[in-house]
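> from the sequence below, what's the structure:
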Amino acid sequence: MIITTQNSADLAWEKMDGLLPAIIQHADTGAILMQGYMNKAALDKTLEISQATFYSRSKQRLWTKGETSNNTLDVQKIYSDCDKDALLLVCRPNGPTCHLGTESCFAEQEFNQKHFLSLLEHVIKQRQFDKPEDSYTAQLLSQGTKRAAQKVGEEGVEVALAAATGDKDELLQECADLFYHTLVLLRDQDVDLTQVMAVLEHRHQ
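Numbers count the residues shown, from 1 in each chain. Below is the predicted model:
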């Protein structure tokens, strides 16, 4: 179930002396970022400020992720499992989540690669708003829809040519270019990758 201030007391707090494991998942990529523990007060504060707050078993106090590093976790939704004794927090991280400087405390997970298109989509969106001077993505988006669409067309032709000539290495490179430029065009059109996936899922039914 989705957790709110109205139903947080219904969780199975008694099972582990008032603590529940809380798994953090990236809202855009689906990657697992970290795992901590929450008591009722930590969950209440998380719901209040929309930033992941945990109970530190070593320090015996509440701590909000990023309170010293500023690498906070903006909470989008909170779910409980079927037994109401574990939490899943869907978050957007501000900076690396792990104290070692990596995106995730589970940095080796293959899950990241499977969802890399979503991560790339997020990076492209950031480039659109931040507009760094040395960013090819920002420059391409600033040139408008016609240029972004032209690049998708060019890359599509190059993918077809690579396949037709049997050049596997070139095919991989051109497919990567096509995927990237397609994501740029979707961003130009304010279309999320999830909307495209929804069309594919509907066709699969």
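
> now do the contacts for the closest residue to Cys175 other than its chain neighbours.
Once flanking residues are discounted, Cys175 sits nearest to Val159: 5.6 Å by Cβ to Cβ, 6 or more residues apart in numbering. No exception for glycine: its C-beta is placed from N, CA and C like everyone else's. For Val159, the contact set (Cβ atoms under 8 Å, 6 or more residues apart in numbering) comprises Leu171, Glu174, Cys175, Leu178.

> A helix includes Val159, no?
Yes. Counting by DSSP: H, G, I helix; E, B strand; the rest coil, Val159 is found in a helix.

> how about Gln25, phi and psi?
In terms of degrees, to the nearest 10, the main-chain angles of Gln25 are phi -120, psi 140.

> check contacts around the residue located most distally from the centre of the chain.
The C-alpha centroid of the chain is most remote from Thr165, which lies 36.9 Å away (Cα atoms, centre = their mean). Thr165 sits next to no residue when contact means Cβ under 8 Å, 6+ apart.

> and the gap between it and Asp44?
Relative to Asp44, Thr165 is positioned 62 Å away (Cβ to Cβ, to the nearest Å).

> helix, strand, or coil at Glu48?
Look at Glu48: counting by three-state DSSP, its state is helix.

> and for Tyr79?
Under three-state DSSP, Tyr79 comes out as strand.

> ok, it - contacts?
Met1, Ile2, Ile3, Leu87, Leu88, Val90.

> Asp167: neighbour count?
Neighbours of Asp167 under the rule other Cβ atoms under 10 Å: 13.

> strands along this protein, start to end?
Using DSSP state E, the strands of the chain run over residues 20-26, 32-38, 53-56, 61-64, 73-80, 87-93.

> residue closest to the middle of the chain?
Closest-to-mean residue, the chain, Cα atoms, centre = their mean: Asp28 / 2.6 Å.

> sorry, back to before: among the contacts of Tyr79, which one has the most neighbours?
Among the contacts of Tyr79, Leu87 has the most neighbours (other Cβ under 10 Å), with 23 neighbours.

> and the residue nearest to it when sequence neighbours are not counted, how far from Ala138?
Nearest residue to Leu87 in three dimensions, chain neighbours excluded: Ala22, at 4.3 Å (Cβ to Cβ, 6+ apart). Between Ala22 and Ala138 the distance is 36 Å, computed by Cβ to Cβ.
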